[in-house]
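**Q** 3D, please:
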Amino acid sequence: MAVPGDAKALGRRVALHRSRRGLSQKELGGRISRSESWVSQVERGARRVDRMSVLEMLADALEVPLAELAPEENVVAAVTGKPRAASSLSLALSSSDALQAVLSDKAPIDVDRLGERAERAWDYAHGSEYESLSDLLGTLIPELEYAVRKATGADRQRVCIAKAKAYHAAAGVLSKLGELGAAWVAVDRSIAAAEEADDPLLMAAGAFRLAIVFQNARRHDLAMQAAKTAVNALGRLVDAGEPEAVALRGALYLQLAVASARTNQADDAYDYLTKAQEAAKSLGVDRNDYNTEFGPTNVLLHEVHVAVELGDAGRALRVADKADTKALSAERQSRLLIDVARAHAQRRQATDLTIALRRAFEVAPEQVATHQVVQELLSDALRSDYGNTPELRELAQEIGVAT
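**A** Below you'll find the model as predicted:
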């Protein structure tokens with residue numbers, strides 16, 4: 001993944017002012033309660049500093065004005081408390097691209113290129129490369145809004161499909177970053193585009209994304225309603241033996257299992273997991289229909305998550321040992337490791353918690369650094385009598401959690 005230019009700019013400024021003050025990286029780290037490796041990562045541009053409190057500490061330690069040390073983009077992100085990707089994607093969805101498209105003169109449209117870029121958006125989403133995704137969608141969304149209003153016939157249908165996929169990717173990442181209002185808008189636009197494309201399975205994929213948005217908003221009743229109605233609607237296509245419909249219904253069953261677990265309905269949660277297992281068994285292999293990554297392995301990952309949500313750490317860890325995630329995306333691998341870390345926290349096992357979280361951070365650093373569950377997990381562990389270890393404190397600093 002390319003290192004963002006603003007992170008490199010901040011790193012160069014930190015290194016320059018540190019050298020002028022005659023400080024080593026270890027000495028600077030000591031002044032701001034950070035490790036030497038943390039300072040090194042910042043100076044190389046390998047770590048983004050998005051918290052205003054940390055930027056202010058750096059500026060004070062280096063005895064320079066904050067505005068001189070930090071590029072404007074970093075300061076804005078720190079003030080809002082949100083990663084730049086969250087703000088950038090929200091701005092992209094707030095733009096009047098549809099109006100601009102309606103009022104623009106007709107220009108050539110490269111339908112193949114639009115489709116390829118929509119697929120690339122999902123590569124970034126599955127890789128938890130949020131900055132790259134926001135940069136891509138910032139230009140892709142206006143192009144799609146223009147193309148869908150200017151193309152005709154089969155080309156227009158293909159553009160609608162690309163538009164739905166792009167908004168699916170936007171919704172998924174916005175939901176993870178806590179931009180739930182914008183995520184809802186993205187899902188709504190994706191479902192409308194799928195309907196215009198006359199693609200019911202793509203509409204069902206939109207319902208799957210909507211359920212996830214509701215989950216992250218802690219509206220589990222709405223998540224269950226969205227998933228249940230889509231499950232029922234897919235019945236005819238599943239009975240006809242369409243594997244994509246089977247995969248989508250299986251993915252929706254997993255969302256129902258999660259919502260049930262989070263509302264402490266254990267029997268319902270495991271019943272839905274059984275239905276998802278049956279769907280996965282009928283498919284036989286891990287698939288990625290409509291970017292759901294549904295299959296036997298993903299069912300195992302959700303069984304781990306459900307067990308953790310229900311407080312059954314032993315079951316979670318036993319199931320996690322069975323999962324071979326090498327073929328899955330970085331995002332899914334990291335999510336499993338986060339759940340494994342949560343299970344170790346429930347067992348008050350600081351060393352194993354640290355190992356699991358560090359592996360998750362290595363696999364998908366942007367996801368771990370922005371994940372609310374990780375922030376809460378680390379904060380709780382570091383306040384406990386078992387988890388306040390030097391190793392976990394160092395990892396928290398690297399991730400960006402105050403200790």
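
**Q** Flag every buried residue along stretch 26-43.
**A** Neighbour-count burial for stretch 26-43 flags 28-29, 32, 34-35, 38-43 (criterion: 16 or more other Cβ atoms under 10 Å). (C-beta placed from N, C-alpha, C; glycine too.)

**Q** From these, which one has the minimum pLDDT?
**A** Of all the buried residues of stretch 26-43, Arg34 carries the smallest pLDDT score, 78.

**Q** separation between that one and Leu252?
**A** 43 Å (Cβ to Cβ, to the nearest Å).

**Q** out of the buried residues of stretch 26-43, who's nearest Val64?
**A** Distance to Val64 across those (Cβ to Cβ) is lowest for Leu28, with 12.4 Å.

**Q** any idea of the mean pLDDT for the longest helix along the chain?
**A** Taking DSSP state H as the criterion, the chain has its longest helix at helix 153-176. What helix 153-176 shows for mean pLDDT is 94.

**Q** That one packs against which elements?
**A** On a contact count with 3 or more Cβ pairs under 8 Å, 6 or more residues apart in numbering; DSSP states H and E, helix 153-176 meets helix 84-94, helix 111-126, helix 130-150, helix 180-196, helix 200-216.

**Q** Off-centre distance for the shortest one?
**A** Read it as helix 84-94. The gap between where helix 84-94 is centred and where its chain is centred comes out at 14 Å by Cα atoms, centre = their mean, to the nearest Å.

**Q** do the same with the longest one
**A** If you compare the mean C-alpha spot of helix 130-150 with that of the full chain, they lie 18 Å apart, counting by Cα atoms, centre = their mean.

**Q** was I right about Tyr272 contacting Leu252?
**A** No. With contact defined as Cβ atoms under 8 Å, Tyr272 does not count as touching Leu252 (9.1 Å).

**Q** who has more neighbours, the two?
**A** Set Tyr272 next to Leu252 and count neighbours by other Cβ atoms under 10 Å: Leu252 wins out with 30 against 26.

**Q** Identify the residues contacting the more buried one.
**A** Applying Cβ atoms under 8 Å, 6 or more residues apart in numbering, we find Leu252 in contact with 204, 207-208, 211, 227, 230-231, 234.

**Q** In three-state terms, label it for me.
**A** Counting by DSSP: H, G, I helix; E, B strand; the rest coil, the backbone at Leu252 sits in helix.

**Q** Just the element for the residue nearest to Gln277 when sequence neighbours are not counted, please.
**A** Distances taken as Cβ to Cβ, 6 or more residues apart in numbering put Val299 closest to Gln277, at 5.3 Å, once the chain neighbours are dropped. Using DSSP states H and E, Val299 maps to helix 296-309.

**Q** so who does the residue nearest to Gln277 touch?
**A** Counted by Cβ under 8 Å, 6+ apart, Val299 has contacts 250, 254, 273, 276-277, 280.

**Q** Same list (those) but as a markdown table, adding pLDDT, distance to Leu137 and neighbour count.
**A** Output for the contacts of Val299, formatted as a markdown table (pLDDT from 0 to 100; distance: Cβ to Cβ, whole Å; neighbours: other Cβ atoms under 10 Å):
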| residue | pLDDT | distance to Leu137 | neighbour count |
| --- | --- | --- | --- |
| Gly250 | 98 | 28 | 28 |
| Leu254 | 98 | 26 | 29 |
| Leu273 | 98 | 33 | 24 |
| Ala276 | 98 | 30 | 25 |
| Gln277 | 97 | 34 | 19 |
| Ala280 | 97 | 31 | 25 |
